[in-house]
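Colleague: Just need the structure, nothing else, for what follows:
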Amino acid sequence: MTQDADVIVVGGGLAGLVAATEIADAGKRVIVLDQEGEQNIGGQAFWSFGGLFLVDSPEQRRLGIRDSIELAMQDWNGSAGFDRDDDHWPRRWAEAYVAFAAGEKRDWLRAMGHRIFPVVGWAERGGYDAMGHGNSVPRFHVTWGTGPGIVEPFERRAREAQKDGRLTFKFRHRVDALDITHGTVDGVSGTILAPSTVARGESSSREVTGEFSLRAQAVIIASGGIGGNHELVRQNWPARLGPPPRRMISGVPEHVDGRMIGITEAAGARLINRDRMWHYVEGLQNWNPIWPKHGIRILPGPSSLWFDATGKRLPAPLFPGSDTLGQLHYIQSTGYDYSWFILTQAIIKKEFALSGSEQNPDLTGRSWLMTARRAINKRAPAPVEAFKDHGVDFIVRDNLDDLVVAMNALSGDNLLRLDHIQTQIEARDRAIANPYVKDAQVMNLHNARKYIGDRLIRTAKPHRILDPAHGPLIAVRLNILTRKTLGGFETDLDGRVFGQNGEIMPGLYAAGEAAGFGGGGMHGYRSLEGTFLGGCLFSGRVAGRAAAKALA
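Modeller: Just a heads-up that it's a prediction; the model follows:
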């Protein structure tokens, strides 16, 4: 039968764009399908902070950070905790990805015009032993231009290939089935949805206007994860993290629904590690939402005091920025699905950043002047102040008595006792006044201040929380925020998908979140952060190049 293209890519997000441009650059014809409109090109990467995991980069070396592929691999394995028979290919993908992050990743992106903000962030710091979870050194490289700055080079390449006739976009094309002939995946079929003019990220119509069927020598699944489908998140929720939250907010749009994952699995693909997930615990309800249950994550510095719903400080080392899934496990063990930060104005102006391109107009807009103001302004960045002024999760008061009363009123649970919280804050404040301390969070704070990047823009000068000179006092209710699927379709190092019989399914590839960012879950149980976008870049590149090379 006549082929419509050499390769079909299902999904117009970052992994799909990378795969498609690699195929087109190899001189092959590729069709990119997406159930959403053209306005959503780039998918979730567009909304991201643009963080990338790099190892021994020039940016690190300029800041005196000593990194190596050996140290990065030690950190990766300590975080991943690979312990299953199914972890064979995820392990191999992890090794290949860390080598990529320590090798050609930066230069490959730079050749396309990608640039990096010079101060390297320190995400997921851990706090256990040297072989445990967390980044031993700062590795979080923020894209100059944030998420749009990541998408831009690949959209440009795709548009150039589109002009040359090598790449065709078919938006509002929803795949309903994979077509298989004599055991080989050779096409897709589905429904055409009505055109949509809603803004990027907003929920679009599911009105059907027609049907389609397309054929090719190979199909790449790059359809993303399940974070917008709370029912599916709960269905796959791991018992090791406690009961699934009764209430969650969404870090991704509604169309991130996992639908294509189910369709591909039904066609015979092997889905592994579906219980491995990455959800944040520092979620805010967006006061100006774009999609249903829209949440924004706080990227916190190390100084805020973290209390569970009953008013008890989270145990060491579950400090802000240390261990996302450790914090999630602890919070779910309390029987409540929220927690609290208590901090000061001095802390929020220096330490609070919000994840998302739209929440960082200075970095997204590539404005050095606006970015420099972060370090000298008396107020927090404008988007943070907007949340403080309008966000339902923020409380601002001049004294602790009134703050605790308002916290109880907001939660409605009336669990917080003023004397209990005051005692804990006063004990922490005594540690600030002494150079010799046993409070692990204060030790962590002093360690952070040794790094020039943190001292300049991410860590407030240590001070007493109850010192009115640094006020007012601020409480922030933190919600569980859905985000990433760490498991996915099992793939070999060419991105080829295994079937449920353990054999490669001819003609089928997977990339990005649908492949667990490579192999069916290259992160294992935990992420070092900055590795999701990088996983889309790497797995999309691998699958695109392999599919193009394998074509007859």
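Colleague: mean confidence for the top strand by length along the chain?
Modeller: Longest strand in the chain by number of residues (criterion: DSSP state E): strand 473-485. For strand 473-485, mean pLDDT rounds to 97.
Colleague: In its sheet, which strands sit next to that strand, and in what direction?
Modeller: Take DSSP bridges as the rule and strand 473-485 pairs in its sheet with strand 249-250 (parallel), strand 277-285 (antiparallel), strand 338-344 (antiparallel), strand 394-397 (antiparallel).
Colleague: how about that strand: buried residues?
Modeller: 473-485 (16 or more other Cβ atoms under 10 Å). For every residue, glycine as well, the C-beta is placed using N, CA and C.
Colleague: on that earlier part again, make JSON lines from the strands paired with strand 473-485 and add mean neighbour count and mean pLDDT to it.
Modeller: Listed next are the strands paired with strand 473-485 as JSON lines, based on neighbours: other Cβ atoms under 10 Å; pLDDT from 0 to 100:
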{"stretch": "strand 249-250", "mean neighbour count": "23", "mean pLDDT": "98"}
{"stretch": "strand 277-285", "mean neighbour count": "23", "mean pLDDT": "98"}
{"stretch": "strand 338-344", "mean neighbour count": "23", "mean pLDDT": "98"}
{"stretch": "strand 394-397", "mean neighbour count": "19", "mean pLDDT": "98"}
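Colleague: Mind jotting down where the strands sit in the stretch 51-200 of the chain?
Modeller: For the stretch 51-200 of the chain, applying DSSP state E, counting those that start in this stretch gives strands covering 51-53, 140-142, 167-171, 173-181, 184-193.
Colleague: Three-state assignment for E22, please.
Modeller: helix (DSSP: H, G, I helix; E, B strand; the rest coil).
Colleague: Assess the claim that it and K549 are in contact.
Modeller: No. Using Cβ atoms under 8 Å, E22 makes no contact with K549, being 10.0 Å away.
Colleague: In terms of neighbours, single out the busier of the two.
Modeller: E22 (24 against 12; other Cβ atoms under 10 Å).
Colleague: neighbours around the nearest residue to the more buried one once chain neighbours are set aside, how many?
Modeller: Nearest residue to E22 in three dimensions, chain neighbours excluded: G544, at 3.1 Å (Cβ to Cβ, 6 or more residues apart in numbering). Number of residues near G544 (other Cβ under 10 Å) recorded here: 31.
Colleague: what does R247 give?
Modeller: 11.
Colleague: again, but for L14
Modeller: Using other Cβ under 10 Å, the number of residues around L14 comes to 31.
Colleague: can you give me the helices in the stretch 151-300 of the chain?
Modeller: Residue ranges of the helices in the stretch 151-300 of the chain, as given by DSSP state H, counting those that start in this stretch, are 230-236, 259-266.
Colleague: Report the buried residues of the shortest one.
Modeller: In this case it means helix 230-236. H230, L232, V233, N236.
Colleague: again, but for stretch 3-19
Modeller: Those would be 4-19, for stretch 3-19 by 16+ other Cβ under 10 Å.
Colleague: circling back to that earlier point, will you turn the strands paired with strand 473-485 into CSV that also has distance to D362?
Modeller: Listed next are these as CSV, based on distance: least, Cβ to Cβ, whole Å:
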stretch, distance to D362
strand 249-250, 25
strand 277-285, 19
strand 338-344, 22
strand 394-397, 21
